[in-house]
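Chemist: curious how this folds, go ahead:
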Amino acid sequence: MDFKFTDEDLAWRREVEDYVKAELPPGWTEQDLSWPGGYGIISLFEEKYKEDCRAFWRKLGKKGWLRMGWPDESGVKKTNVQRAIYGDVMMYHRAPAGNI
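Modeler: The predicted structure follows:
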């Protein structure tokens with residue numbers, strides 16, 4: 001069995017990486033936005049990040065990236081591997097990415 005990513009998977013990773021780097025506020029990834037135990041970002045719960053999170057969610061929604069598993073006329077259907085890639089990139093950058 002070959003466990004390598006396909007060219008399509010790698011292109012998807014680059015697309016998500018490029019998008020996250022362009023759309024998150026400067027310095028977001030480097031900020032300490034996680035719980036002391038490392039359980040994920042807390043930006044959702046802090047007033048000072050609320051608008052950044054909502055703006056990012058709106059952009060993800062317009063791209064169809066918040067409903068990748070449930071395609072409709074405006075959604076984007078991705079494979080399980082591609083959805084895992086999306087989650088990996090979003091978590092690496094501590095992006096407020098919805099329910100990943």
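Chemist: find the centremost residue of the chain, please.
Modeler: Centroid-nearest residue in the chain: residue 90, 3.3 Å away (criterion: CA atoms, centre = their mean).
Chemist: buried residues in the least confident helix or strand in the chain by mean pLDDT?
Modeler: Across the helices and strands of the chain, mean confidence by mean pLDDT, DSSP states H and E is lowest for helix 50-63: a mean of 86. Across helix 50-63, burial judged by 16 or more other CB atoms under 10 Å covers 53, 56-57, 60. Backbone N, C-alpha and C define where each C-beta goes, glycine included.
Chemist: chain center to it: distance?
Modeler: Relative to its parent chain, helix 50-63 has a centroid offset of 11 Å by CA atoms, centre = their mean, to the nearest Å.
Chemist: what's the angle from whichever helix or strand comes after that helix to helix 50-63?
Modeler: Later in the chain than helix 50-63, the nearest helix or strand by DSSP states H and E is helix 80-92. Going by axes from the mean of the first three to the mean of the last three CA atoms, to 10 degrees, helix 80-92 is angled at 160 degrees with respect to helix 50-63.
Chemist: what about this protein, any weak spots by pLDDT?
Modeler: 32-47, 71-76, 97-100 (pLDDT under 70).
Chemist: hang on, the earlier thing: how about a markdown table for the buried residues of helix 50-63, with distance to residue 96 added?
Modeler: Conversion of the buried residues of helix 50-63 to a markdown table gives the following (distance: CB to CB, whole Å):
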| residue | distance to residue 96 |
| --- | --- |
| 53 | 4 |
| 56 | 5 |
| 57 | 6 |
| 60 | 9 |
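Chemist: pull the residues that contact the longest helix along the chain.
Modeler: Once the chain is assigned using DSSP state H, the helix that runs over the most residues is helix 7-23. With contacts defined as CB atoms under 8 Å, 6 or more residues apart in numbering, helix 7-23 is touched by 5, 56, 59, 63, 78-79, 81-82, 85-86, 89-90, 93, 95.
Chemist: alright, I will stop here.
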